[in-house]
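J.: here is my input, please return the structure:
(2 chains)
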Amino acid sequence: MAIDVGALAVGGVEGGSELGDSDGWLQAKGKGDWRWLWWNVKLNRKGWITIGYGQGGVEEDNQGNDLKPIDRLIEMPDDILSFILSFLSIRDSVKARILSRRWRYICSFMLNLDFDLHTVLGINYKARICFCLGNEYAGYVDRWIRFAIIMKTEKLDLEFFASPESQSNNLYDFPCQLLPQGDSSQLKYLCLKSCNLRPTPNLVSRLVSLKSLDLEHVPLNQSCANSILSSCLNLEWLRLKNSILPETLCIHGPSLHLKILIVHECYGVEKFEISSIDLTTFEYIGKVKNFSFLDVPRLEKVHIRFMVAYERGTQYMFNGIANDLPRLQTLSLVLTTDEVRKK
Amino acid sequence: MSSSLEKNMLILRSSDGEEFIVPEVVAVMSKAIKNMVEDECASNTIPVPNVDANILAMVIEFCKKHDESEAEAASDLKTFDSEFVNRGQEALYDLITAANFRDVKELLDALCQNVAEMIKGKSVHHIRIQFLGYQLFEILTSNFIWNIWCDRDFD
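T.: Below you'll find the predicted structure:
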């Protein structure tokens, strides 16, 4: 026993003659000096003494009932406790584990029940990892993705952060081989940030369900882009952002059903060749001046924003583009102030 | 006991012997009492053991409000619920026990939600302070006491 009871004098409990509740101050007296300890002494119904200390002493004391022991709560039946925990997020219910040993096991019960379906994947079967991870953690992320696929996730979001100078071999390799083949594939939306997307065998049957693909900071070369585009037979929405692309990027595929194509500030690309029968909207922000619209009969909306001044590029936009795009309805161009001044 | 009382009213007796006359519609919000009434094993007076008069009065207040305001706006009821459950922990636990034992689902929902709110978004440290204070064992083993003990020896 570390406390010598004889050295403790109980003060301020004169009024508390009742055994039920006696809040008071304890003074601990050492040799020659008095230590004032802000203890809050409780005698509960069983006669146990529970000592709590209030942080900031007086303030805590004013709150009165808040410091009551939780014994009663902890003694409640399991179903009540797990019911209470069911109102909490996983994070909070894990924190609540400190309250008692029994809660620890109830918590793990809750996790098994709830973690899988609702909390992690959401009712809409969304899965999202947003973290600072590179390829060195591939094993963990793979396992997680495997789990998401078993849960028939429709929307998969992998948002990693990599510094701009990080090499492509540091990026996490998205495991296409984990995706199920054929009709069993449920994945409809795939968003990758700072990952590698490399084609694997049987890619066609794996990506066939995909409707929307969002790639940010995902380096692509032409063969890679080709095989992805020719695999995603149902792809309708594609965005490439801040990615390193080949010098000439051809967006074409025999059975491409792409409707919306968005390219934002990609590096390394000099020329776009776009040929997609169903394309209706094209949006571009960046430095490229060379566009060739080869076979885009349904393209209606084009939005282009140049980041640098190009006299020739914009000439084409004003003159030639109308010939190439028979059904163009909206063309919005954003030029740099330099260029406007020149004219 | 008049016959009209028998038909529409029930008498609930708390553990400490106090009796409450309650309309049957209100009383049967408790599934346990409902079962007793339906099985006709209830006499005029229904004993409610392990619930004292104080708590029973609160439960009846809650049930009455919910019974009356079935047609009222849900937001009104919600405000009432949140005010109703805003009590000290002792009363809260008594109420939970009563609601669980008597099987009053609405009350149990509101109460458990309230306890959950007390945990929600708090740090571990704060949860510990709020619910436990610091438990005796932890105080005995903490460095704090150890320091006092050492100080005494060195004095």
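
J.: low-scoring stretches of chain A, by residue?
T.: When the per-residue scores of chain A are filtered using pLDDT under 70, the ranges that remain are A:1-75, A:90-91, A:100-102, A:104-128, A:130-131, A:162-169, A:310-313, A:339-343.

J.: the helices in it, which residues?
T.: Assigned by DSSP state H, chain A shows helices spanning A:58-62, A:71-74, A:78-85, A:90-95, A:101-110, A:138-150, A:203-207, A:222-231, A:311-318, A:321-324, A:337-342.

J.: what is the neighbour count of the nearest residue to A:G286 once chain neighbours are set aside?
T.: The shortest distance from A:G286 to any residue other than its chain neighbours is 4.9 Å, reached at A:E265 (C-beta to C-beta, 6 or more residues apart in numbering or on different chains). Any C-beta I mention is one placed from the backbone N, CA and C, and that applies to glycine too. Other residues near A:E265 come to 14 when the count uses other C-beta atoms under 10 Å in any protein chain shown.

J.: and the gap between A:E265 and A:F306?
T.: According to C-beta to C-beta, to the nearest Å, A:E265 and A:F306 sit 11 Å apart.

J.: overlap of the contact sets of the two?
T.: Shared contacts of A:E265 and A:F306, defined by C-beta atoms under 8 Å, 6 or more residues apart in numbering or on different chains, are found at A:G286.

J.: ok so, going back, who's in contact with the residue nearest to A:G286?
T.: Contacts for A:E265 (C-beta under 8 Å, 6+ apart) come out as A:K241, A:N242, A:I285, A:G286, A:M307.

J.: these, buried ones only, as a PyMOL selection?
T.: Selection of buried members from these for PyMOL, criterion 16 or more other C-beta atoms under 10 Å in any protein chain shown:
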select buried, chain A and resi 241+242+285+286
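
J.: give me the domain ranges for chain B.
T.: Following the assignment in automatic domain parsing, chain B carries domains at B:3-120, B:122-155.

J.: rank those domains by pLDDT, which is bottom?
T.: When mean pLDDT is averaged over each of the domains of chain B, domain B:122-155 scores lowest at a mean of 57.

J.: tell me, how many residues neighbour the closest residue to chain B within the stretch 101-250 of chain A?
T.: In the stretch 101-250 of chain A, the residue found nearest to chain B is A:W103; the distance is 10.4 Å by C-beta to the nearest C-beta. Taking other C-beta under 10 Å as the neighbour definition, A:W103 ends up with a count of 22.

J.: ok, it to A:S82 distance?
T.: A:W103 is 9 Å from A:S82, where distance means C-beta to C-beta.

J.: kindly report the same for B:I127.
T.: Distance from B:I127 to A:S82, counting by C-beta to C-beta: 17 Å.

J.: residues in contact with the closest residue to B:H66 other than its chain neighbours?
T.: If the residues on either side of it in the chain are set aside, B:H66 comes closest to B:E106, at 5.7 Å by C-beta to C-beta, 6+ apart. Neighbour list for B:E106: B:M29, B:F62, B:H66 [criterion: C-beta under 8 Å, 6+ apart].

J.: can you do 10 Å?
T.: Listed by C-beta atoms under 10 Å, 6 or more residues apart in numbering or on different chains, the contact partners of B:E106 are B:M29, B:F62, B:C63, B:K65, B:H66, B:L77, B:D81, B:A99.

J.: in which helix or strand does it reside?
T.: When elements are assigned from DSSP states H and E, B:E106 belongs to helix B:105-119.

J.: flag every buried residue along that helix.
T.: In helix B:105-119, the ones that count as buried by 16+ other C-beta under 10 Å are B:L107, B:L108, B:A110, B:L111, B:C112, B:Q113, B:N114, B:V115, B:A116, B:M118, B:I119.

J.: which of those come close to chain A?
T.: Checked against chain A using C-beta under 10 Å from any C-beta of the partner chain, the buried residues of helix B:105-119 give the following subset in range: B:L108, B:L111, B:C112, B:Q113, B:N114, B:V115, B:A116, B:M118, B:I119.

J.: any idea which of those residues is the one closest to A:M151?
T.: B:A116 (25.9 Å; C-beta to C-beta).

J.: how about the contacts made by that closest one?
T.: With contacts defined as C-beta under 10 Å, 6+ apart, the neighbours of B:A116 are A:F83, A:I84, A:L85, A:S86, A:F87, A:L88, A:S89, A:D92, A:S93, A:A96.

J.: A:I150: neighbour count?
T.: Neighbourhood size, A:I150 [other C-beta under 10 Å]: 10.

J.: next, the residue nearest the centre of chain B: phi, psi?
T.: Taking C-alpha atoms, centre = their mean as the criterion, B:L95 is the residue nearest the geometric centre of chain B, at 1.1 Å. Dihedral pair for B:L95: phi -60, psi -40, per degrees, to the nearest 10.

J.: so what's it up against?
T.: B:51, B:55, B:58-59, B:62, B:84-85, B:87, B:104, B:107-108, B:110-111, B:114.

J.: how far away is it from chain A?
T.: In this structure, B:L95 and chain A are separated by 11 Å, where distance is defined by C-beta to the nearest C-beta, to the nearest Å.

J.: now the contacts of B:E106 in JSON lines, with secondary structure and neighbour count?
T.: Below are these laid out as JSON lines (DSSP: H, G, I helix; E, B strand; the rest coil; neighbours: other C-beta atoms under 10 Å in any protein chain shown):
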{"residue": "B:M29", "secondary structure": "coil", "neighbour count": "22"}
{"residue": "B:F62", "secondary structure": "helix", "neighbour count": "23"}
{"residue": "B:C63", "secondary structure": "helix", "neighbour count": "23"}
{"residue": "B:K65", "secondary structure": "helix", "neighbour count": "17"}
{"residue": "B:H66", "secondary structure": "helix", "neighbour count": "20"}
{"residue": "B:L77", "secondary structure": "helix", "neighbour count": "18"}
{"residue": "B:D81", "secondary structure": "helix", "neighbour count": "20"}
{"residue": "B:A99", "secondary structure": "helix", "neighbour count": "25"}
